[in-house]
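**Q** predicted model, plus sequence, below.
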Amino acid sequence: MDIRQLTCSAQRKFTVSIVKTENILDFKGWWTKFYKRDVISVNTKSRQILRNQKLHFLISHFMEFGYTTHQIGCVICHSFIQNMERVNTFELRNNRSVIPALPEKKAYNGPIPINIKKIEDLRRTLQYIPHTYKDYFVNNVENMSNKIANNDIE
């Protein structure tokens, strides 16, 4: 079943949009205005807790995340899925009174150049592409590598 069939057979209807370069917003420059870079768990924030026992928000250390409108800007994290024993709350927002708006600045001003190493990888995979489509891919890979070689990225 391809994505179109899956979409049409879904219980609730939804829209799938193709993302274009101009639709990508600059979250990298935006988030630091509203959110903290280093967050310590509300549970271990107290001064009575030693520095080495404070729990920092590291996304790879948690398996389940929760968010509620009752605690805007806070994430409730669980070390294990459906684990109620070790629950940690992290207040991510810098300022509770400011409601963040989505960024307006675009992330890119035109096409994004492909890294030369990625083009080399694409060249190596051309041997696996069916003959019917091979010309299309060969032309695109060569066209992109020529643009990069000539520094002709728009």
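**A** Yep, it's here.
**Q** alpha carbons only for contacts and neighbour counts from here, please
**A** Noted.
**Q** count of neighbours near Met63?
**A** 13 (other C-alpha atoms under 10 Å).
**Q** going forward can the numbers begin at 480, since that is how I track them
**A** Taking 480 as the first residue, the last one we looked at is Met542.
**Q** in what helix or strand does Asp614 lie?
**A** helix 610-628 (DSSP states H and E).
**Q** now for that helix, which elements pack on it?
**A** helix 595-604 (3 or more C-alpha pairs under 8 Å, 6 or more residues apart in numbering; DSSP states H and E).
**Q** show me what the helix it packs on is packed against.
**A** helix 610-628.
**Q** now Val620: how far from Leu581?
**A** Distance of Val620 to Leu581, computed by C-alpha to C-alpha, to the nearest Å: 35 Å.
**Q** and for the closest residue to Val566 other than its chain neighbours, the neighbour number?
**A** Among residues not flanking Val566 along the chain, His557 sits closest, at 5.1 Å (C-alpha to C-alpha, 6 or more residues apart in numbering). By other C-alpha under 10 Å, 20 other residues sit near His557.
**Q** repeat for His535
**A** When neighbours are counted by other C-alpha under 10 Å, His535 registers 16.
**Q** quick check: beta-bridge partners of it?
**A** Ile519 (DSSP bridges).
**Q** what residues are up against it?
**A** Asp517, Val518, Ile519, Ser520 (C-alpha atoms under 8 Å, 6 or more residues apart in numbering).
**Q** now these: which count as buried?
**A** The neighbour-count test (16 or more other C-alpha atoms under 10 Å) marks Val518, Ile519, Ser520 as buried among the contacts of His535.
**Q** that's a strand at Ile555, yeah?
**A** Yes: counting by DSSP: H, G, I helix; E, B strand; the rest coil, Ile555 is found in a strand.
**Q** per-residue confidence for Gln606?
**A** If you check Gln606, the pLDDT there is 86.
**Q** Thr486 touches Ser496, doesn't it?
**A** No: the criterion here is C-alpha atoms under 8 Å, and Thr486 misses it with Ser496 at 11.7 Å.
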